[in-house]
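>>> Quick one: sequence and predicted model below, then my questions.
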Amino acid sequence: MLRNPEQTIGNLIDKQSVSFIASVDSDGFPNMKAMLPPRKREGIHTFWFTTNTSSMRVSQYRNNPKACIYFCDKRFFRGVMLKGTMEVLEDADSKEMIWKDGDRMYYAGGVTDPDYCVLKFTARSGRYYCDFKSEDFET
């Protein structure tokens, strides 16, 4: 049983160089994508990612905010799935909050580039896998 989910899962998340996000397409099928790790997180409840406003994923989240994110520690074969909702944020405060100097290589127009936006994921529940066992939890 997870004694301290926030710490155990938070540590797993912070050590990963790749995260996976899922959206739902117009036919109701899940769509998964590898992403860079979240730029910011608050506990295991709220996560912020950068992405292109013009991306298919942004379009899908605008049509259906149901989402899932997944982090996997392949060395120890542990993972955590978080289910919740994804918001597309385009306000200046959100964009500036997670902007990094090297982002100009992805968004030539800088922090005000119209093709730069923020995905804010808010978790409702999760499932943690470790030592051949899975455990559901609420966030």
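Nice, thanks for sending it over. Numbers count the residues shown, from 1 in each chain.

>>> Check the chain for its longest helix and report it.
Across the chain, the helix with the greatest residue count (assigned by DSSP state H) is helix 5-14.

>>> tell me the angle of the very next helix or strand once past that helix relative to helix 5-14?
Using DSSP states H and E, the helix or strand that follows helix 5-14 towards the C-terminus is strand 19-24. Note on geometry: by axes from the mean of the first three to the mean of the last three CA atoms, to 10 degrees, strand 19-24 and helix 5-14 are set 100 degrees apart in direction.

>>> Identify the residues contacting strand 19-24?
13, 30-38, 49, 57, 60-61, 64, 66-72, 86, 119, 121 (CB atoms under 8 Å, 6 or more residues apart in numbering). Where C-beta positions appear, they are placed from N, C-alpha and C, glycine not excepted.

>>> now do 10 Å
13, 29-38, 47, 49, 51, 55-72, 79, 81, 83, 86, 119, 121 (CB atoms under 10 Å, 6 or more residues apart in numbering).

>>> so how far is the host helix or strand of residue 59 from its chain's centroid?
Here residue 59, judged by DSSP H and E, is contained in helix 56-63. Centroid displacement of helix 56-63 relative to its chain, using CA atoms, centre = their mean, to the nearest Å, is 14 Å.

>>> Helix 56-63 and the next helix-or-strand element following it, what's the angle between them?
Counting by DSSP H and E, the next helix or strand C-terminal to helix 56-63 is strand 66-73. For strand 66-73 against helix 56-63, the angle between stretch directions is 140 degrees (the same axes, to 10 degrees).

>>> Next, the buried residues of strand 66-73.
Of the residues in strand 66-73, 67, 68, 69, 70, 71, 72, 73 count as buried by neighbour count, 16 or more other CB atoms under 10 Å.

>>> Listing request: residues of this structure with sub-threshold pLDDT.
1 (pLDDT under 70).

>>> can you list contacts of the longest helix of the chain?
2, 4, 19, 37-38, 41, 43-45, 47, 69, 71-73, 76, 78-80, 82, 126, 128, 130, 135, 137-139.

>>> quick revisit: got a PyMOL select line for the buried ones in the contacts of strand 19-24?
Command for PyMOL, covering only those of the contacts of strand 19-24 found buried under the criterion 16+ other CB under 10 Å:
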select buried, resi 13+38+47+49+51+55+57+58+60+61+65+67+68+69+70+71+72+79+81+83+86+119+121
